[in-house]
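Q: Structure of the sequence below:
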Amino acid sequence: MLFEQRFWPGIADGSITLAFRRWRRPTVRSGGRLRSPAGELGIESVGVIDEAAITESEAHRAGYQSRDSLLRELNVREGTLYRIAFHLAGPDSRIALRKRADLSDEDILAVRGSLERMDRTDKWTQRTLRLIAERPATRAADLAATMGSETLPFKARVRKLKELGLTESLEVGYRLSPRGKAVLERLARETAVEP
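A: Now for the predicted structure:
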């Protein structure tokens, strides 16, 4: 479940605590967590609702000026209408992880294990990290072309690296996080000393 940028401030300050979506099937579940640019959201409830049951107050809690403006947006899509209640549960946990550059041997082992699992069918992780290090703030499409990849699969791979706290998204492109730089340097040193 994505939120347009116009909703981020309201989510961050707690004034937006509802969302309405038309889906074939829900993409979030009660009790789950969802990362958003405003922080990590705790999903309180997800339920089917008839649009006639949406109140003016609920439209405001979803970040809309009026119920009519919410319904206009909802009615351009097809699917079952869901009401999602949530709260801001805290900052995105990846932010703190990205800043951690003081890596123990155990940290490196864990990251290496994750990278090796991702590399099972195609060795791409370290090549992608090196490319982002060499060309920060470069459009994803340009980086993907350098890797011989389509843009969407390339972005999906970078998201996996972001989950490990190794990369950060910029307005255009990416950069390595302090953790990503430390991991790449450590892996390069270990490779250099292998017999």
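Q: how about low-confidence regions in this protein?
A: 192-195 (pLDDT under 70).
Q: mind exporting the helix or strand where residue 181 lies as CSV, just the C-alpha atoms?
A: Using DSSP states H and E, the element containing residue 181 is helix 178-193. Output for helix 178-193, consisting of C-alpha atoms alone and laid out as CSV, is shown next (Å, rounded to 0.1, in the frame of the first residue of the first chain):
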residue,chain,number,x,y,z
PRO,A,178,27.5,4.2,5.8
ARG,A,179,26.7,0.5,6.5
GLY,A,180,26.8,-0.3,2.8
LYS,A,181,30.2,1.4,2.4
ALA,A,182,31.6,-0.5,5.4
VAL,A,183,30.3,-3.8,4.0
LEU,A,184,31.7,-3.2,0.5
GLU,A,185,35.1,-2.2,1.9
ARG,A,186,35.2,-5.2,4.2
LEU,A,187,34.2,-7.6,1.4
ALA,A,188,36.8,-6.1,-1.0
ARG,A,189,39.5,-6.5,1.7
GLU,A,190,38.6,-10.1,2.3
THR,A,191,38.5,-10.9,-1.4
ALA,A,192,41.9,-9.3,-1.8
VAL,A,193,43.5,-11.5,0.8
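Q: mind checking the SS state of the most centrally placed residue in the chain?
A: Within the chain, the residue whose C-alpha comes closest to the C-alpha centroid is residue 35; the distance, by Cα atoms, centre = their mean, is 5.9 Å. At residue 35 the chain is in strand, as set by DSSP: H, G, I helix; E, B strand; the rest coil.
Q: In the sheet, which residues pair with it? Tell me.
A: Residues found in beta-bridge contact with residue 35 (criterion: DSSP bridges) are residue 40.
Q: Would you agree it is in contact with residue 90?
A: No: contact criterion Cβ atoms under 8 Å: residue 35 and residue 90 do not qualify, at 10.8 Å. Backbone N, C-alpha and C define where each C-beta goes, glycine included.
Q: which residues do the two both contact?
A: Counting by Cβ atoms under 8 Å, 6 or more residues apart in numbering, residue 35 and residue 90 have no contacts in common.
Q: Give me the distance between the helix holding residue 181 and the centre of its chain.
A: Relative to the centre of its chain, helix 178-193 is centred 25 Å away, using Cα atoms, centre = their mean, to the nearest Å.
Q: For residue 86, see how far away residue 168 is.
A: 24 Å (Cβ to Cβ, to the nearest Å).
Q: okay, those two: which has more neighbours?
A: In this comparison of residue 168 against residue 86, neighbours counted by other Cβ atoms under 10 Å, the higher total goes to residue 86 at 23 against 19.
Q: Great, nothing more from me.
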